[in-house]
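Novice: below: sequence and its predicted model.
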Amino acid sequence: MTFARATPQPARGGAILYGIVVLLVALVAGAGLYGGATDPLGRVLLAAASAILALACLASPRIADGTRVRRVSLCLGALAVLAFAQTMPLPVALAKGIAPLAYASRDAVGVLDGGVPTSLDVDATRRAGLLLLGFAVLLAAIGPRVSFRGAPVLARGLALVALAHAALGLLVGRYGQRDVVIFGGFEVSNPFQAYGSFANRAQFAAFETVLAGASIWLLAGPRRSTFDRVLGLTSLTAIAVGVFASGSRAGAAGVVLAIAAAWVLASDRGRRRRRALAVLACAVLLVAGRVAGIDVLVRAIPLRGDEALRLDVWRGAVDLALRQPVAGVGFDAFRHAYPGEGRKPDDRLVAVAENDVLQLAAEGGVLGFGFAALGAAIVGVGLGSRRRIASAPSRQSAGLALAGPIGLVPLAMTSVPLHAPAVAIATLAAGVLVVALLREETDRP
């Protein structure tokens, strides 16, 4: 992201800056306690918290130019507008063209009412729109107002939040497994393992992994104090133990990837390529060994009974996305749209696409996917341009903090953690930390 040099802050501005950071950390902690719940109350609470934080930021002097931050916030706002538009009735002729699945489902029961919304679940999509709007407000509020001076406080706060939630997961976990039958016959595998306040292990592991970047920076960042290094080591250890105890193999892979990414990104340019190749070679050997059936790897990475069906779910998600490609079936409406039309498996309830990208494509269509991709591109270009002009210590610091969001990749490709509000908020906060660390070191007190 492109930012202007910070100007000296008055004492009042510094106090407000730290207040904003503390508010953000509190929001992340509260979201984690609320877990992966996505009911209407959770969305309203997030929107309210975002608005409160925005009001607090109004009194803060602008620390740096936030052009790219505003663009990303506009992309999120566009997704929110699309979500609300998906709930509006369209003329029947138009609905037949851009929402054939929604039209057919309403026509089958004779409920057209003179118009057809594109979402297969209007109420769920409205609530998703409120959630997306809350994220847009939150990002616009904090994006250009957290400087390097606030980064250490933010990192310590996020490390403490990750430590506390990891401990909660280890204390609450019951380490057993049972199957619950719901809706008159759909079987849901529900392992009650160590994931604390979260609805499942993937959400818990994603929340912990994405916050690991803060702990890694405190542990290995340049010129950190002894207190920071002890806090970073303690938090990172708790994160690793908690994620491994949760039983999430994608989460375990994410933690290992985060540590490996930090090792690569924190190195100088000459060593970075060699380290990246070494990490890639290890990953290839590990995958090849597991596919070849090496006993120790088979025992370490077992195939669970229901995971052979994941490919069926991915194929079904692609099929659903192609059935209504323009506007999608509606944000948060995947669970209502997936069943039927021969999509497998047909012996259980499929509520998620087991892949964040596929679920976004199915729910948002070309329009939603395009807005999200544009926002991601803006973030990527901004980080790249800012990294090129940042000082060497800032680049190293940002690389360490970026390791947490990178570790989220295995989870996002095998589950839908970013669709959980708590994980999305934690990811946003982790991104703010990376951007803050890339700012000029003249921000130091």
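Specialist: Received it, and whenever you're ready, just let me know what you need. This one's a predicted model, so the numbers in the text were calculated from it and none came from an experiment. Numbering: from 1, shown residues only.
Novice: in this protein, which helix is the longest?
Specialist: If you go by DSSP state H, the chain has its longest helix at helix 356-389.
Novice: and the contacts of the helix or strand following it?
Specialist: The first helix or strand that comes after helix 356-389 along the chain, using DSSP states H and E, is helix 392-407. Contacts of helix 392-407 from elsewhere in the structure, counted by Cβ atoms under 8 Å, 6 or more residues apart in numbering, are 148, 151, 155, 209-214, 216-217, 220-223, 254-255, 257-259, 261-262, 264-266, 383, 387, 390, 427, 430-431, 433-435, 437-441. Just so you know, the C-beta spots here come from the backbone N, C-alpha and C atoms, and that holds for glycine as well.
Novice: go again using 7 Å as the cut-off
Specialist: Here helix 392-407 makes contact (Cβ atoms under 7 Å, 6 or more residues apart in numbering) with 209-214, 216-217, 220-222, 254-255, 257-258, 261-262, 265-266, 387, 427, 430-431, 433-434, 437-438, 441.
Novice: quick check on these: which are buried?
Specialist: Buried by 16 or more other Cβ atoms under 10 Å: 209-214, 216-217, 220-221, 254-255, 257-258, 261-262, 265-266, 387, 427, 430-431, 433-434, 437-438, out of those.
Novice: shouldn't Pro222 be within a helix?
Specialist: No. According to DSSP: H, G, I helix; E, B strand; the rest coil, Pro222 belongs to no helix; its state is coil.
Novice: give me the nearest residue to it, chain neighbours excluded.
Specialist: Among residues not flanking Pro222 along the chain, Pro393 sits closest, at 4.7 Å (Cβ to Cβ, 6 or more residues apart in numbering).
Novice: with Ala83 instead?
Specialist: Nearest to Ala83 is Gly129, by Cβ to Cβ, 6+ apart, at 3.2 Å.
Novice: my guess is the one you found meets Met88, correct?
Specialist: No. With contact defined as Cβ atoms under 7 Å, Gly129 does not reach Met88; the gap is 11.0 Å.
Novice: which one's more surrounded, those two?
Specialist: The residue with more neighbours, out of Gly129 and Met88 and counting by other Cβ atoms under 10 Å, is Gly129; that gives 24 against 12.
Novice: SS state for that one?
Specialist: Relying on three-state DSSP, one would call Gly129 helix.
Novice: so who does it touch?
Specialist: Each residue near Gly129 by Cβ under 7 Å, 6+ apart is listed here: 80, 83-84, 331.
Novice: let's have the residues you listed in CSV, adding neighbour count, distance to Gly110 and pLDDT.
Specialist: Putting the contacts of Gly129 into CSV (neighbours: other Cβ atoms under 10 Å; distance: Cβ to Cβ, whole Å; pLDDT from 0 to 100) gives the following:
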residue, neighbour count, distance to Gly110, pLDDT
Ala80, 22, 32, 94
Ala83, 28, 27, 95
Phe84, 17, 26, 95
Phe331, 29, 26, 93
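Novice: okay if I get these as JSON lines plus distance to Asp295?
Specialist: Below are those laid out as JSON lines (distance: Cβ to Cβ, whole Å):
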{"residue": "Ala80", "distance to Asp295": "50"}
{"residue": "Ala83", "distance to Asp295": "49"}
{"residue": "Phe84", "distance to Asp295": "54"}
{"residue": "Phe331", "distance to Asp295": "44"}
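Novice: among those, which ones are in helices?
Specialist: Using DSSP H, these in helices are 80, 83-84.
Novice: how about the residue nearest to His165 when sequence neighbours are not counted, secondary structure?
Specialist: Setting aside the residues directly before and after it, His165 is nearest to Gly32 in space (Cβ to Cβ, 6+ apart), at 4.9 Å. Three-state call for Gly32 (three-state DSSP): helix.
Novice: the chain should start at 38 in everything you say after this.
Specialist: Yes, from this point I'll number from 38; that puts the last item at Gly69.
Novice: how close does Gly69 sit to Ala243?
Specialist: Plainly put, Gly69 is 11 Å away from Ala243 if you go by Cβ to Cβ, to the nearest Å.
Novice: neighbour-wise, which of the two wins?
Specialist: Shown here are Gly69 and Ala243; by other Cβ under 10 Å, Ala243 has more neighbours (34 against 26).
Novice: if I read this right, the more buried one contacts Val446, doesn't it?
Specialist: No. With contacts counted by Cβ under 7 Å, Ala243 stays clear of Val446, the gap being 10.3 Å.
Novice: I'd like to know which elements the one helix or strand His202 maps to is packed against.
Specialist: Assigned by DSSP H and E, His202 belongs to helix 188-209. When contacts are defined as 3 or more Cβ pairs under 7 Å, 6 or more residues apart in numbering; DSSP states H and E, helix 188-209 sits against helix 48-71, helix 238-257, helix 263-283, helix 458-475.
Novice: what about Gly206, neighbour count?
Specialist: Gly206 has 27 nearby residues by other Cβ under 10 Å.
Novice: how about the secondary structure of the residue sitting furthest away from the middle of the chain?
Specialist: Ranked by distance from the centre of the chain (Cα atoms, centre = their mean), the top residue is Gly147, with 39.0 Å. Put simply, Gly147 is coil when judged by three-state DSSP.
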